[in-house]
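K.L.:
3D, please:
(2 chains)
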2 protein chains.
Amino acid sequence: LDTTRIDQLRILLHTEYPADLADSMFFLNDIENQTVFDLLDPAEAAEVLNEFDTQTSSRLVAYTSPKRLAAILSELMPDEATNIVETIENEKREQVLVLLPTKTATAIRTLLSYPKESAGGIMTSGFVAVPETTTQAEAIRAFIDSPNAEHQFYLYALNERDALSGVLDLRQLLSASPTTLIREIMVTDVLGIPADMDQEQVANLFSRYNLLMLPVVEPGTNQLLGVITADDVIDVLEQEATEDALRSAGSDAEELERRSPTRIAMLRLPWIMATMFIELLAGVVIHVFDSTLTQVILLASFMPIISAISGNTGLQSATIIVRGLSTGQVRLTNWQTAVARQVKTTLILGAVAGATLGVIGGIWYGKIAFGLIIFVGMFLAVNIAGVVGTIVPLISKSFGFDPALTSGPFETAFQDVVGISIFLGIATAMIRFLL
Amino acid sequence: LDTTRIDQLRILLHTEYPADLADSMFFLNDIENQTVFDLLDPAEAAEVLNEFDTQTSSRLVAYTSPKRLAAILSELMPDEATNIVETIENEKREQVLVLLPTKTATAIRTLLSYPKESAGGIMTSGFVAVPETTTQAEAIRAFIDSPNAEHQFYLYALNERDALSGVLDLRQLLSASPTTLIREIMVTDVLGIPADMDQEQVANLFSRYNLLMLPVVEPGTNQLLGVITADDVIDVLEQEATEDALRSAGSDAEELERRSPTRIAMLRLPWIMATMFIELLAGVVIHVFDSTLTQVILLASFMPIISAISGNTGLQSATIIVRGLSTGQVRLTNWQTAVARQVKTTLILGAVAGATLGVIGGIWYGKIAFGLIIFVGMFLAVNIAGVVGTIVPLISKSFGFDPALTSGPFETAFQDVVGISIFLGIATAMIRFLL
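P.N.:
Residues are numbered from 1 along each chain as shown, chains lettered A, B, ... in the order given. Below is the predicted model of the structure:
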């Protein structure tokens, strides 16, 4: 970019939406990005930074002076500022935080102390709260005077111990007379989310009760720490859905961010190599049974079919359970119901698929015994796949792992080993009926 | 349930949250559900109905009189009422609609006319709009006097042609003096979503711009039809994530609802049978090459490994593209970029996985040629899988199909056919180096 056109660029940049600007910057190289970023005024830079993925924003942040960073962070909501601060390396982080107004710095330090995927990690501290003895007129004033309370339309009432005691939306507040005390009109039946609740559970609460906003409280004291708005939950849901989908396929959510193919290959390789070594077991099993295979080579034609169908059934069961756990429709406490439902389903699937393939096999080979072996092999493989596919995510969840992690390629590879062992085992036991 | 305890039950029911009540009713049988449902007053019944899945609510609705249904529907927001009305069969639907207040009935009829998965289908008509010549004081009055505008904190301004011309949030409105005209303080840069926009695109807008609410307008005239709130978007996202996950596994979102295992098996069977018939092609390919296999039976041990790894790579690529299309990070217009990224990635993956397995195979069989065949077979299969896995969802999307539909088991089965053909084809061509 030549310097004479910088002013033109500056004007152009002012007219763009931050999200769109961030998008366009995706196509520039690092130096160009830095040039564009430096031209933005703090408010614009703040919004653009807020739209970037972690990798890009941390690179931009690394080349920005602490003073300018402080100016940029002051323009953001505390939760958004915290996300940026998290990408600054430790030493510089302190330099930036001391340059910020004390109140903002304290808010950011508090937010930094919560795990990134907990209610405390996604909440914002830009809310409006007043003592319950405030009058309606004073409360309305408090709303107008809170510059940091963007998107805030709920008034939270605090009791004498500063604990959350009630809530009112702005419309209810407006309907009261100016001298009414908040205590008299507030809704006391208010649900405060503990700050350590997992973000996925928070999302389920929002979806279940159709909420726009929920307050977050300190678990013991019920002190109001922040609020979570539905737009934060939208981000959480997109992120979790992406994570689940990619993990089930044996990759990682980071892949969707802007990374080089080499980095992506490195992310995926461990999964692929692990799957390959499980599959090698299937290879060993086939090797063990190779005299059976050599005698009845048509068996080899049916191996991939049984593998694929049982792998697919297992994946279906696993997906149902993973999604169900994620939306709350399946719970650990009623795991028997979930397993029973899947087994009843796979009994039917295994019987139909096994019978169809058995008939095809029997006709192709010209012996009923061959068809029978295929039927039994398919039926058992599909049912084992259904049970394993259902139970493994439930067990993962109960041990605190992400159920999506274990439901993908490992599952399928394991299924191959089991399915092929059973199929060739039965064929070997019944070999005299085949010759 | 005996009749003497009905009153106790009624009291108990009053104290439960609708979502929790709907949950408990999940464990009752149909007759018990009907009994409980009949005991609820219209407002409670309305909220419970609103929480149920389509199947259960349509059954409850079927046994409820038009008069009671009208009373129940009057308690709901127009968008929620519309969802219920959709489950009433046609003849009864008219009987119910004529019993409703004209305004509500008109709102529902309008909402019914939009496709279920469009902006018009998910919007609510409970918003607050005033002519732009209204004063601040009158506008605040309009807010207080709109009983149907639950969760509404934005004021929409209409010009003389009744088209959307501006927006103001309640806090901005409160900051102005009572005699100010809305026209003077409103934000004119307002984005109206066309009613025919797909719900997934709507969700992307919310996520991109961190919104709590967006107005929906008639495409040509810019007439304000309704608003979409972030909590509606949360429901859309959960629904779309479930749909995508299940479709990729070859099942259907309906499975998560309350259905019998037989019904679920029927939903899954077409996918499984289709996959099986594609896999039968792989069986035929193996049959064609069976003399090669009989001569070098160890090749059979490597078939499932190559199938699994290429199937997995294809699934990863497909999942990345499907998620990317869903979140807007991948677009049809930059498909070359997406394909190039996946190919660069699979070149590395294919080379590493192929080389590793090739070395293992070479040592196991004791001939370099064997290792070479495995390396080439794996490398080609993985790269073809990557390209097909990337392109097929893009093509599906460009033809207007759901890309998740084609990315699942069919993809894997097709991969098996291609991978095995290449592998055994090369082995046959090079058979003299193996003997």
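
K.L.:
residue numbers of the stretch 101-250 of chain A in contact with chain B?
P.N.:
A:140, A:143-144, A:149, A:151-153, A:169-171, A:174-175, A:203, A:206-212, A:229-231, A:233-235, A:237-238, A:240-242, A:244-246, A:248-250 (CB under 8 Å from any CB of the partner chain). In this view, the C-beta of every residue, glycine as well, is placed from N, C-alpha and C.

K.L.:
out of the residues you listed, which are inside helices?
P.N.:
Using DSSP state H, the subset of these located in helices is A:140, A:143-144, A:170-171, A:174-175, A:203, A:206-209, A:230-231, A:233-235, A:237-238, A:240-242, A:244-246, A:248.

K.L.:
okay, now the unreliable bits of the stretch 301-435 of chain A?
P.N.:
Applying pLDDT under 70 to the stretch 301-435 of chain A flags the ranges A:405-407.

K.L.:
and if we set it to 90?
P.N.:
Scanning the stretch 301-435 of chain A for pLDDT under 90 picks out A:311-342, A:389, A:392-416, A:434-435.

K.L.:
so which residues on it come close to chain B?
P.N.:
Contact residues (CB under 8 Å from any CB) of the stretch 301-435 of chain A with chain B: A:301-305, A:307-309, A:311-313, A:315-316, A:318-320, A:322-324, A:326-327, A:329, A:341, A:344-345, A:347-349, A:352-353, A:356-357, A:360, A:409, A:412-413, A:416, A:420.

K.L.:
packing partners for the one helix or strand residue A:386 maps to?
P.N.:
Assigned by DSSP states H and E, residue A:386 belongs to helix A:368-398. Here helix A:368-398 touches helix A:298-327, helix A:335-365, helix A:409-429, helix A:431-434, going by 3 or more CB pairs under 8 Å, 6 or more residues apart in numbering or on different chains; DSSP states H and E.

K.L.:
ok, which of the ones you listed comes nearest residue B:33?
P.N.:
Taking CB to CB, helix A:335-365 is the member of the helices and strands packed on helix A:368-398 nearest to residue B:33, at 17.3 Å.

K.L.:
re earlier: pull out the buried residues from the ones in helices among the residues of the stretch 101-250 of chain A next to chain B.
P.N.:
The neighbour count (16 or more other CB atoms under 10 Å in any protein chain shown) marks A:140, A:143, A:170-171, A:174, A:203, A:206-208, A:230-231, A:233-234, A:237-238, A:240-242, A:244-246, A:248 as buried among these.

K.L.:
contact partners for the nearest residue to residue A:361 once chain neighbours are set aside?
P.N.:
Nearest residue to residue A:361 in three dimensions, chain neighbours excluded: residue A:374, at 4.1 Å (CB to CB, 6 or more residues apart in numbering or on different chains). For residue A:374, the contact set (CB atoms under 8 Å, 6 or more residues apart in numbering or on different chains) comprises A:302, A:306, A:354, A:357-358, A:361-362, A:423.

K.L.:
rerun at 7 Å
P.N.:
Going by CB atoms under 7 Å, 6 or more residues apart in numbering or on different chains, residue A:374 touches A:302, A:357-358, A:361.

K.L.:
quick check: residue A:34 touching residue A:61?
P.N.:
No: Residue A:34 is beyond contact range of residue A:61, at 10.9 Å (criterion: CB atoms under 7 Å).

K.L.:
more neighbours, these two?
P.N.:
residue A:61 (22 against 17; other CB atoms under 10 Å in any protein chain shown).

K.L.:
and the more buried one, how far is that from chain B?
P.N.:
In this view, residue A:61 and chain B are 20 Å apart by CB to the nearest CB, to the nearest Å.

K.L.:
and that residue, helix, strand or coil?
P.N.:
With DSSP: H, G, I helix; E, B strand; the rest coil as the basis, residue A:61 sits in helix.

K.L.:
got the contact list for it?
P.N.:
Taking CB under 7 Å, 6+ apart, we find residue A:61 in contact with A:69, A:84, A:87-88.

K.L.:
again, only this time at 8 Å
P.N.:
Going by CB under 8 Å, 6+ apart, residue A:61 touches A:49, A:69, A:84, A:87-88.

K.L.:
among those, name the buried ones.
P.N.:
For the contacts of residue A:61, a burial check counting by 16+ other CB under 10 Å picks out A:49, A:69, A:84, A:87-88.

K.L.:
dump the residues you listed into TSV; add secondary structure and distance to residue A:126 as well.
P.N.:
Shown next, in TSV, are these (DSSP: H, G, I helix; E, B strand; the rest coil; distance: CB to CB, whole Å):
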residue	secondary structure	distance to residue A:126
A:49	helix	17
A:69	helix	20
A:84	helix	15
A:87	coil	20
A:88	coil	21
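
K.L.:
let me know the closest of these to residue B:379.
P.N.:
residue A:87 (37.9 Å).

K.L.:
coming back round to it: relative to residue A:423, how far out is the residue nearest to residue A:361?
P.N.:
Distance, residue A:374 to residue A:423, by CB to CB, to the nearest Å: 8 Å.

K.L.:
what's the overlap in contacts for the two?
P.N.:
Common contacts of residue A:374 and residue A:423 (CB under 8 Å, 6+ apart): A:302, A:306.
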